[in-house]
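Participant: What follows is a predicted protein model with its sequence.
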Amino acid sequence: MRTKLIFTLIILALSFGSCQKQLVAPTPQLREESGPQLRAEPSYINVPVSIPYKGIEDALEKSQGKNLYTDDSYDNNNKDGIKIKVTKKGAFDFRGYKEYIRITLPLSIWFSGRWEACDFCPAVESSTDFDANITFTSRLALNMDWKLATQTDATSFEVTRDPYIKVGPLNINARKVVEYALRENLKDLARTIDTELQNGFDLKKHAEDTWKQLQKPMLADSAYNAWIRFAPEEFILAPIQCGKEDVTISGALLTGIHTSLGAMPNVPQKPLPGITFKEKNDNAFRVELAIEIPFTEATAIARRELKDTVFPITKKKQIKIDDIDIFGKAGEVFIKVKTSGSLRSIIFLKGTPAYDDATRELYLNNFDYELQSKQALVKAASWLLKSTVRNRMAKAFRYPMDEDYAAAKAAMDSYLSDYTYKDLFNVKGKVNSLKIKGVSSDDEKIYAIFYTDGNARVKMLNLSW
């Protein structure tokens, strides 16, 4: 994670100040206000999720046997003299339009009729086979409480021809008889479809799990104790769209994204809110990422890197870094440096984190000895002020970002190009731009805000229906 090294270099560069003899500079006078602070705006991650009909079809196949209806007695139903057997001839076929799904099921039907002229007369039987298609229409909608609302109705019963059979003097239209006999079964099947859609497509459970997981800090880099965490604010969903092969939920997450160094952040969990509805979402995402380094962690890094390091100033003069403490106030960064060697001192340097758009470099603007430290050095160690140490430090902490931009964009493009996770989902997309919005500091940390935008689409491959 090279971008995190940026701030390490700043810390290292700021820690090179020194002097001669013995000098204890006064503690800097800290400003109380710095004006408007740089802040990361909530990120807008808009990712359409596609759910293939195959999952719903498989669930219906499991819940619904091959036989849909069987009447195997001439003597039931007030001795109607009819037998019927209806079986599935093929799989459910789903086709969507807007918020509707048209579900067609091919049927194979056997129909038999019996007629007896009298109680003692021989019975006359006749039967036929024919195929039919039964069609249901389901309307899908999401409620604010994350529950899927469905309304499924049987809308048509189609045959290529009306199958008539002649039984004695009777000429029976088998289609009409079968359709009438199936009327209650079709209502039951419509309710089964609703149940499978509502119970299997448990969007609230997935949303709650995602919402909780997002808020858990994740260790991104163990070497630097770098943590990333989300601060989600709301889910934004457009109306469900049913296509030819899948259901699309165009969803967006409005969230803060924070990266910090040091101990794992301890942030209380926020409960899942209701859905915020928007008429239309695209597949774009816009992300602002705040990378944070607490001053306590910056101090620890600087001490590991520089404590006990000796820096030559002239042929006869050198200083040793005994200790470093980094702190900030009102947008300024201060470095307290304790030295020994040619100069035993406690001095302060300061600067303001900044970014040069022209050169694409990070640097510390107005970097210099703090005013009271400079006044003390004029009296006790002017040789340090006359040296090129400050300029060398200023040059050292200018950090070019070109390679970091290229590496970060390549990594994101690689993830978005065609990434499949454990046969559960597939991600395709592209990063359009990656840039730095700015760098700043407050009373607790140094931070940079990165901005990226692009588009992505997620396709669910294996749902637990």
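Facilitator: Everything's here; your move.
Participant: Residues contacting stretch 198-214, please?
Facilitator: Stretch 198-214 has contacts (Cβ atoms under 8 Å, 6 or more residues apart in numbering) with 51, 55-56, 59, 142, 145-150, 230, 232, 235, 249, 253, 255, 269-270, 272, 463, 465. For every residue, glycine as well, the C-beta is placed using N, CA and C.
Participant: at 10 Å instead, please
Facilitator: Stretch 198-214 has contacts (Cβ atoms under 10 Å, 6 or more residues apart in numbering) with 49, 51, 55-56, 58-60, 63, 140, 142-143, 145-150, 229-232, 235, 237, 240, 247, 249, 251, 253, 255, 257, 269-273, 275, 460, 463-465.
Participant: For the stretch 251-400 of the chain, which segments are assigned as strands?
Facilitator: Assigned by DSSP state E, counting those that start in this stretch, the strands in the stretch 251-400 of the chain fall at 276-277, 284-294, 310-312, 318-329, 332-341, 343-356, 361-369, 399-400.
Participant: Number of residues surrounding the nearest residue to residue 437 once chain neighbours are set aside?
Facilitator: Among residues not flanking residue 437 along the chain, residue 449 sits closest, at 4.2 Å (Cβ to Cβ, 6 or more residues apart in numbering). Using other Cβ atoms under 10 Å, residue 449 has 20 neighbouring residues.
Participant: which residues does residue 449 contact?
Facilitator: 38-41, 257, 288-292, 355, 436-440.
Participant: Same check on residue 242?
Facilitator: With Cβ under 10 Å, 6+ apart, residue 242 has these contacts: 51, 53, 94-102, 138-140, 248.
Participant: run the last query once more with 7 Å
Facilitator: Residue 242 is in contact with 96, 97, 98, 99, 100, 101, 140, counting by Cβ atoms under 7 Å, 6 or more residues apart in numbering.
Participant: pLDDT on the one helix or strand the residue nearest to residue 437 maps to, on average?
Facilitator: Per DSSP states H and E: residue 449 is located in strand 445-460. The average pLDDT within strand 445-460 is 76.
Participant: Same check on stretch 216-236?
Facilitator: In the prediction, stretch 216-236 has an average pLDDT of 79.
Participant: Over to stretch 252-272?
Facilitator: 82.
Participant: got the CA coordinates for it in CSV?
Facilitator: C-alpha atoms of stretch 252-272 as CSV (Å, rounded to 0.1, in the frame of the first residue of the first chain):
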residue,chain,number,x,y,z
ALA,A,252,-26.5,2.6,-4.3
LEU,A,253,-24.7,3.0,-1.0
LEU,A,254,-24.1,6.4,0.5
THR,A,255,-21.1,5.9,2.9
GLY,A,256,-18.1,7.4,4.3
ILE,A,257,-14.8,5.5,3.8
HIS,A,258,-11.9,5.9,6.2
THR,A,259,-8.4,4.5,6.3
SER,A,260,-6.4,4.9,9.5
LEU,A,261,-3.1,3.7,11.0
GLY,A,262,-2.6,2.3,14.5
ALA,A,263,-5.0,0.5,16.7
MET,A,264,-8.2,-0.9,15.4
PRO,A,265,-10.8,1.8,15.4
ASN,A,266,-13.6,1.3,17.9
VAL,A,267,-16.8,2.6,16.3
PRO,A,268,-20.4,1.9,17.5
GLN,A,269,-22.6,0.1,15.0
LYS,A,270,-25.5,1.9,13.3
PRO,A,271,-28.7,-0.1,12.6
LEU,A,272,-29.9,-0.7,9.1
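Participant: model confidence over the longest helix along the chain, on average?
Facilitator: In the chain, with assignment by DSSP state H, the single longest helix is helix 183-200. The average pLDDT within helix 183-200 is 84.
Participant: Which residue ranges of the stretch 51-200 of the chain form strands?
Facilitator: Assignment of strands within the stretch 51-200 of the chain using DSSP E, counting those that start in this stretch yields the ranges 67-71, 82-88, 93-97, 100-115, 124-142, 148-158, 164-167, 170-173.
Participant: What residues sit buried inside the fourth one?
Facilitator: The neighbour-count criterion (16 or more other Cβ atoms under 10 Å) identifies 101-105, 107-115 as the buried residues of strand 100-115.
Participant: Can you pull the phi/psi pair for residue 207?
Facilitator: The phi and psi values for residue 207, taken as degrees, to the nearest 10, are phi -70, psi -40.
Participant: count of neighbours near it?
Facilitator: 18.
Participant: List the buried residues of stretch 83-102.
Facilitator: Buried residues in stretch 83-102 (16+ other Cβ under 10 Å): 83, 84, 85, 86, 88, 92, 94, 96, 101, 102.
Participant: Just list the residues touching residue 69, thanks.
Facilitator: Taking Cβ under 7 Å, 6+ apart as the test, what residue 69 contacts is 84, 86, 181, 182, 185.
Participant: any idea which of the residues you listed is the one closest to residue 306?
Facilitator: Within those, proximity to residue 306 (Cβ to Cβ) peaks at residue 185, which comes in at 80.9 Å.
Participant: can I assume the closest one is in contact with residue 67?
Facilitator: No. Between residue 185 and residue 67 there is no contact under Cβ atoms under 7 Å: 10.5 Å.
Participant: So those two - more neighbours on which side?
Facilitator: residue 185 (14 against 10).
Participant: so what's the closest residue to the more buried one other than its chain neighbours bridging to?
Facilitator: Nearest non-adjacent residue to residue 185, counting by Cβ to Cβ, 6+ apart: residue 69, 5.1 Å away. The residues listed as beta-bridge partners of residue 69 by DSSP bridges are residue 86.
Participant: Tell me the predicted confidence for residue 69.
Facilitator: Looking at residue 69, the pLDDT reads 87.
Participant: ok, now how distant is it from residue 154?
Facilitator: Look at residue 69 and residue 154: by Cβ to Cβ, to the nearest Å, they are 13 Å apart.
Participant: Likewise for residue 293?
Facilitator: Residue 293 is 63 Å from residue 154, by Cβ to Cβ.
Participant: What count of nearby residues applies to residue 453?
Facilitator: Other residues close to residue 453 by other Cβ under 10 Å number 16.
Participant: before we move on, the earlier item: and the contacts of residue 449, which two are the farthest apart?
Facilitator: Counting by Cβ to Cβ, the most remote pair of those is 257 and 355, 18.8 Å apart.
Participant: follow-up on the earlier one: any idea of the angle the longest helix of the chain forms with strand 148-158?
Facilitator: 150 degrees (axes from the mean of the first three to the mean of the last three Cα atoms, to 10 degrees).
Participant: Can you list the buried residues in helix 183-200?
Facilitator: 186, 189, 190, 193, 194, 196, 197, 200.
Participant: Now do the contacts for residue 38.
Facilitator: 438, 440, 449.
Participant: So what sits opposite the residue nearest to residue 437 in the bridge?
Facilitator: residue 290, residue 438.
Participant: Residue 445: which of the contacts of residue 242 is nearest?
Facilitator: Of all the contacts of residue 242, residue 445 sits closest to residue 140, with 46.1 Å by Cβ to Cβ.
Participant: Can you verify my assumption that that closest one contacts residue 99?
Facilitator: Yes. Counting by Cβ under 7 Å, residue 99 is a contact partner of residue 140 at 5.4 Å.
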